[in-house]
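Q: Just the structure for this:
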Amino acid sequence: MVDLLLKAIDRMIDLLRIREKRMQKRFDQIWKPTYNDLQLVHTDYYSMFQTVYRLAFEGIGKDNEVKSERLDKAIQFVKQQRVAFAPIRQKLSALRELQSDEKLLNTLSEEERGFLFQVTSYIRGKSLPDVVGTRSADLQEELRRMARMDETVAERMVLCELDKCIEHLGEDWIEVSKSFNALQVALIQRST
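A: Numbering: from 1, shown residues only. So this is what the prediction gives:
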């Protein structure tokens, strides 16, 4: 009887180790590369928004460059930058589909589901009013909309929106990083 109980306990321990190994494998093959890819995209977005801010608003109040020329430069810059990380953004966007797979979600730990949610929230984040898409697509569309508006209204409105977008970008990244750190900690705790 004691032998059966010990064998059952050994089997339970083996099953827990298998589960931990699966989680470690998912971390190494999916979650860590996802975080690293998203870090590249975040850096690109942050740099892009800062550069667009500078291109669109430097020289305001001076007659050296008209609004349309500044905005054309900003739009062209966004178009060029969007190409650089498009494959990574598409790969990260594909993670959204995982959130609708109940069977898969049930196999993930709470921390893994939390990280997946934060990544997909970051990617699909609505960054500018009335436009939904990737942050760079939203930025490009907003610049086009601004080019069609009265200069004073457009500059004031978009300046404010760009400030908010840059701020939200940082806040969203903090949430992604917190969830990734929680995932790392959970993995460490389970392995000890």
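Q: show me where pLDDT drops low in the protein?
A: Within the chain, the ranges that satisfy pLDDT under 70 run 1-19, 59-67, 125-134, 147, 149-158, 192.
Q: Grab the most central residue of it for me.
A: In the chain, the residue lying closest to the centroid (CA atoms, centre = their mean) is Tyr122, at 3.5 Å.
Q: so that one makes contact with Ile174?
A: No - using CB atoms under 8 Å, Tyr122 is not in contact with Ile174, being 10.4 Å away. Using the backbone N, CA and C atoms, a C-beta is placed for each residue, glycine as well.
Q: Tell me the secondary structure at Tyr122.
A: helix (DSSP: H, G, I helix; E, B strand; the rest coil).
Q: ok, Arg26 - contacts?
A: Shown in contact with Arg26 (CB atoms under 8 Å, 6 or more residues apart in numbering): 108, 112.
Q: Distance check, it against Phe77.
A: 37 Å (CB to CB, to the nearest Å).
Q: Likewise for Glu171?
A: 24 Å.
Q: residue ranges for the helices of this protein, please.
A: With helices called from DSSP state H, the chain shows them at 2-26, 32-57, 67-84, 86-93, 95-98, 102-107, 110-123, 135-147, 151-191.
Q: So which of these is the most surrounded?
A: Among those, helix 135-147 has the highest mean neighbour count (mean count of other CB atoms under 10 Å), at a mean of 21.
Q: That one - contacts with which helices or strands?
A: Applying 3 or more CB pairs under 8 Å, 6 or more residues apart in numbering; DSSP states H and E, one finds that helix 135-147 contacts helix 32-57, helix 67-84, helix 151-191.
Q: will you turn these into TSV that also has distance to Leu95?
A: Below are the helices and strands packed on helix 135-147 laid out as TSV (distance: least, CB to CB, whole Å):
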stretch	distance to Leu95
helix 32-57	7
helix 67-84	19
helix 151-191	12
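Q: out of these, nearest to Asp138?
A: The closest of these to Asp138 is helix 151-191. By CB to CB, the value is 8.2 Å.
Q: now the closest one against helix 135-147, angle please.
A: Angle of helix 151-191 versus helix 135-147, following axes from the mean of the first three to the mean of the last three CA atoms, to 10 degrees, is 170 degrees.
Q: What helices and strands are in contact with helix 151-191?
A: helix 2-26, helix 32-57, helix 67-84, helix 110-123, helix 135-147.
Q: out of everything not next to it in sequence, what's closest to Leu162?
A: Nearest residue to Leu162 in three dimensions, chain neighbours excluded: Tyr53, at 5.1 Å (CB to CB, 6 or more residues apart in numbering).
Q: Same question for Leu105.
A: Closest to Leu105 by CB to CB, 6+ apart is Arg113, at 6.0 Å.
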